[in-house]
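Colleague: below are the sequence and a predicted model for it; my questions follow.
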Amino acid sequence: MTAVILVTGATGNVGRAVVSALRGRGVSVRPGQRDPGDDPDAVALDLHRPETFAPALVGVSALFLLRPPAISDVQRTLNPLIDAARAAGVRRVVFLSVLGADTRGYIPHAKVEAHLRRGPDDWTLLRAGFFAQNLGDAYRADIREHDELFVPAGDGRAAFVDARDLAEVAARALVEDGHAGRAYTLTGPQALGFAEVATLLSAALGRTIRYARPGALRYALRQRRRGLPGMQILVQTLLHVGLRFGQAEAVDPTLAALLGRPPRTLATYIEDHRALWL
């Protein structure tokens, strides 16, 4: 049986990019999705249904694992999938983590990292900064509907990283040797405040986008009105408030070294995807 790589979150921004990067290398990919739909390569994989784990893992040699934003209880979802993967003979797990997971034990990613470390050194941790893709996903409605960036980051800055660059590193860690037992800090090439991000959006879209600077409570209430789960709101609020204290402003050279080229800038992401906000 030909070994394949199982990719979780395959319909999201990062998961789709990882699938594309792997297929570009000629690798056999199995997208794991709650509903496989019409994709002949996809398999049913629901993190809330452990009975879907074993069938999805048949013949799998490596696993790309990410935490969907709506999942906060990793002890009943991601960690059991890791155990099932190891039991099934999966030799490599690449986990998309976040900056600070090694020091902030209260976030879900930290619990996944700790679980991986309790096993063999078959893991690679990608500790990513704030995604450029947040602009086209979590922030998109506010930009389109209100012409504003609505996050409680104060004057904090973030070195936004493009999911396409993360996907390229993930693909390498999944198929190349030398990445086992490594934790990589992955950021974009420059730290920007949200007022600067609003200026970039304004220039690209031809209309004024302002940075609203909401407080944490006002931000959380808007997310609640949009129907987000309470734990997801809490995690998102804490991550954004953390920007005020410099938790994501440091620019790290690791991504450029792994790519062998400069990472994409936020301006490049906005220009490539400007139709999202028109």
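Modeller: Cool, the structure landed.
Colleague: could you list the low-pLDDT ranges of this structure?
Modeller: By pLDDT under 70, the weakly predicted segments of the chain are 1-2.
Colleague: what ranges does the stretch 101-250 of the chain have for its helices?
Modeller: All helices of the stretch 101-250 of the chain, identified by DSSP state H, counting those that start in this stretch, fall at 108-117, 140-146, 163-175, 194-205, 216-225, 230-242.
Colleague: can you mark which positions in stretch 156-171 are buried?
Modeller: Judged by neighbour count (16 or more other CB atoms under 10 Å), stretch 156-171 contains these buried residues: 156-171. (Glycine included, C-beta is placed from N, CA and C.)
Colleague: no, scratch that, I was asking about stretch 14-29
Modeller: V14, G15, R16, A17, V18, V19, A21, L22, V27, V29.
Colleague: what sits up against that stretch?
Modeller: Contacting residues not belonging to stretch 14-29 are listed as 2-5, 7-10, 31, 41, 64, 66, 96, 131, 133, 163-164, 166-168, 170-171, 174-175 [CB atoms under 8 Å, 6 or more residues apart in numbering].
Colleague: run the last query once more with 7 Å
Modeller: 2, 4-5, 7-10, 31, 41, 64, 66, 96, 163-164, 166-168, 170-171, 174-175 (CB atoms under 7 Å, 6 or more residues apart in numbering).
Colleague: cool, stretch 255-272 as well?
Modeller: 132, 135, 160-162, 164-165, 168-169, 172, 184, 186-190, 192, 197, 200-201, 204.
Colleague: mind doing that once more with 6 Å?
Modeller: A132, F160, D162, D165, V169, L186, G188, P189, L200, A204 (CB atoms under 6 Å, 6 or more residues apart in numbering).
Colleague: can you give me the offset of that stretch from its chain's centre?
Modeller: Counting by CA atoms, centre = their mean, to the nearest Å, stretch 255-272 is centred 16 Å from the centre of its parent chain.
Colleague: what residues of that stretch count as buried?
Modeller: Using 16+ other CB under 10 Å as the test for burial, stretch 255-272 gives L255, A256, L258, P263, R264, T265, L266, A267, Y269, I270.
Colleague: which two in these are spaced the farthest apart?
Modeller: Farthest apart among the buried residues of stretch 255-272 by CB to CB are L258 and I270. That separation is 23.6 Å.
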